[in-house]
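1. Quick one, what's the 3D model for this:
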Amino acid sequence: MTTTFFLVGEIAGCGLLSFPWALSRTGWVGILIIVFFAGAAIYTGNLLGRCWMMVQQRKLEYSSQPVRHPYPLIGELAFGAPCRQLISCCVNFTSCGACVAYLLLVAQNLMTLFPAGITSYGNWLIMTAAALCPFCWLGTPKDFWPIALCAVLTTTVASAVILAQVVRDASRVPPAFHAPLDLKTFLMAFGLLSFGFGGHHVFPTFQVDMKKPQKFGTAAAISFTAILCMYIPVAAAAFLAYGSNLQPNVLVSLHPGYLHSASVILMTAHLLAGFVILLNPVSQEMEDRCCIPNCFCFRRVMLRTGIVGLLLFVALSVPQFGAIMALIGGSTMTLVVFIIPCMCYLKLSSMKGDWVTVEVPFHEKVLCVEIILVGAVGGAAATYSALDALTYSHFSMPLYLSWR
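-> Sure thing, here's the model as predicted:
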């Protein structure tokens, strides 16, 4: 159950806010894409859990000692050191990019919550990063499970509050206009939808701390089902109510009122908790590379504070969270969520040695190949669209250049 809380808390935030806009750019076919991504994410999450169980069975030392970066370890056992480095880069880029998007969303939420002019967007970013620093010093997920519980509760209540506000707005806004589909924005929305179900880069980190790691697949299935039940009603209702006028952050599209304020507060609390959860695998790996002991110490505080400071600089430099999420969703998120789990599972299952042989049914092999192909083609197209949105002609000026 604790793992389920971590999974929902880590995944649900950005998708709840960005899926309405994504649906407005894909049309009703977006619902089918959401369901497909949810099913594929459940399956590949289960495969990743099986991969870690195979690693523990074949390398007994990893079942009796703490492991700071289990996902790269899976890749190394399957395909060697190059795969370990690839996964490590993907995990770090995905986690850090998601944390940047979370910082930007929190700052935007705070600007809508407080009176205009109280302070600037950049200052909200700095204050948010400073407030998060002490929580990022905590060791591993088992040390901050209350944060995961807070993330789940705030997201669940927020989804109901946002839905209620959308229903109220539906009778007060002009009839929704649904613009014709555009290929570039469709592909960018595809990347956003992929991002909304991406959390696999930290899944093994949660599984390592489980008392019964063999039950990780069950936790993943429960989590994604719960997330799907939050995503679809909010996205569909907002799409019907606002149409193509939806903003990348649905909270900006809501009419002011007590429900709007409540949803902003709840989602801000979730994003703050999600930031701590997402950044933890990166911090653990950096500590391992820097030979920092696995305990609370001054070196840990300095390293993790430096990581938060670096993410703050990126957020101030590239204040476009929609394009950032689409880029991550189409590139590294697609790799770590859909492609790598399938490839590692097929490879580890085919390996022979002094362990129990794993037989993969033919239909599972076909399913894995299909997920790999869809992920590769869709991810490449979404990445191209996101990069186009980040070109100079669409680029927002870094926030610190406007300071005097």
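2. When you work out contacts or count neighbours from here on, use the C-alpha atoms and nothing else.
-> Will do.
3. buried set for the one helix or strand Leu17 maps to?
-> Per DSSP states H and E: Leu17 is located in helix 2-26. By neighbour count on 16 or more other Cα atoms under 10 Å, the buried set for helix 2-26 is 3-26.
4. Ok, stretch 295-312 next?
-> Neighbour-count burial for stretch 295-312, counted by 16+ other Cα under 10 Å, picks out 300, 303-305, 307-309, 311-312.
5. as a whole number, average confidence for that stretch?
-> For stretch 295-312, the mean pLDDT works out to 91.
6. Just the pLDDT for the residue of the chain most remote from its centre.
-> What lies farthest from the middle of the chain is Asp354; by Cα atoms, centre = their mean that is 37.2 Å. The model reports Asp354 with a pLDDT of 83.
7. Helix, strand, or coil at it?
-> What DSSP: H, G, I helix; E, B strand; the rest coil gives for Asp354 is coil.
8. same question, the one 5 residues further on
-> Under the three-state scheme (three-state DSSP), Glu359 adopts coil.
9. now do Pro115
-> coil.
10. The one 4 residues further on now?
-> Reducing the assignment to helix, strand or coil with three-state DSSP, the entry for Thr119 is coil.
11. gap between it and Gly379?
-> 38 Å (Cα to Cα, to the nearest Å).
12. if you count what's nearby, which of those two comes out ahead?
-> Neighbours per residue (other Cα atoms under 10 Å) separate Thr119 from Gly379, with Gly379 holding more: 28 against 12.
13. if I look at the spatially closest residue to the more buried one that is not a sequence neighbour, how far off is Phe338?
-> Once flanking residues are discounted, Gly379 sits nearest to Gly330: 4.1 Å by Cα to Cα, 6 or more residues apart in numbering. Distance of Gly330 to Phe338, given as Cα to Cα: 11 Å.
14. Which of these two has more residues huddled nearby?
-> Gly330 (32 against 29).
15. Contact partners for the more buried one?
-> Neighbour list for Gly330: 190-192, 194-195, 378-383, 386 [criterion: Cα atoms under 8 Å, 6 or more residues apart in numbering].
16. and if we set it to 10 Å?
-> With contact set as Cα atoms under 10 Å, 6 or more residues apart in numbering, Gly330 has these partners: 187-195, 324, 375-386.
17. Also Val202?
-> Contacts for Val202 were tallied using Cα under 10 Å, 6+ apart; they are 6-7, 10, 69-71, 91-92, 94-95, 277-282, 336.
18. Check whether it sits in a helix, strand or coil.
-> Strictly by three-state DSSP, Val202 counts as helix.
19. separation between it and Lys211?
-> Separation of Val202 from Lys211 (Cα to Cα): 17 Å.
20. what stretches of the protein score poorly on pLDDT?
-> 63-66, 116, 321-326, 329, 386, 389-397, 400-404 (pLDDT under 70).
21. my read: Gln284 touches Ile292, true?
-> Yes. Gln284 is in contact with Ile292 according to Cα atoms under 10 Å; the separation is 9.3 Å.
22. where along the stretch 51-200 of the chain do the strands fall?
-> Using DSSP state E, counting those that start in this stretch, no strands are found in the stretch 51-200 of the chain.
23. residue ranges for the helices of it, please.
-> Assigned by DSSP state H, counting those that start in this stretch, the helices in the stretch 51-200 of the chain fall at 70-79, 81-113, 121-136, 145-170, 183-196.
24. Kindly compare burial across the ones you listed and name the winner.
-> helix 183-196 (a mean of 26; mean count of other Cα atoms under 10 Å).
25. and the helix or strand where Leu279 lies, which residues are buried?
-> Per DSSP H and E: Leu279 is located in helix 258-289. Buried residues in helix 258-289, counted by 16+ other Cα under 10 Å: 259-287.
26. now the next helix-or-strand element following it, how far from the centre of its chain.
-> Later in the chain than helix 258-289, the nearest helix or strand by DSSP H and E is helix 298-317. Centre-to-centre, helix 298-317 and its host chain are 19 Å apart (Cα atoms, centre = their mean, to the nearest Å).
27. what angle sits between helix 298-317 and helix 81-113?
-> 60 degrees (axes from the mean of the first three to the mean of the last three Cα atoms, to 10 degrees).
28. thought Arg304 was touching Cys290?
-> No. With contact defined as Cα under 10 Å, Arg304 does not reach Cys290; the gap is 11.7 Å.
29. and for these two, which residues touch both?
-> Gln284.
30. hmm, back to that, okay, the helices of the stretch 51-200 of the chain in a markdown table with distance to Ile371 next?
-> As requested, the helices of the stretch 51-200 of the chain are exported to a markdown table (distance: least, Cα to Cα, whole Å):
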| stretch | distance to Ile371 |
| --- | --- |
| helix 70-79 | 18 |
| helix 81-113 | 18 |
| helix 121-136 | 34 |
| helix 145-170 | 28 |
| helix 183-196 | 13 |
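31. Run the angle between the helix holding Leu279 and helix 81-113 for me.
-> Going by the same axes, to 10 degrees, helix 258-289 makes 150 degrees with helix 81-113.
32. Right, I'll leave it there.
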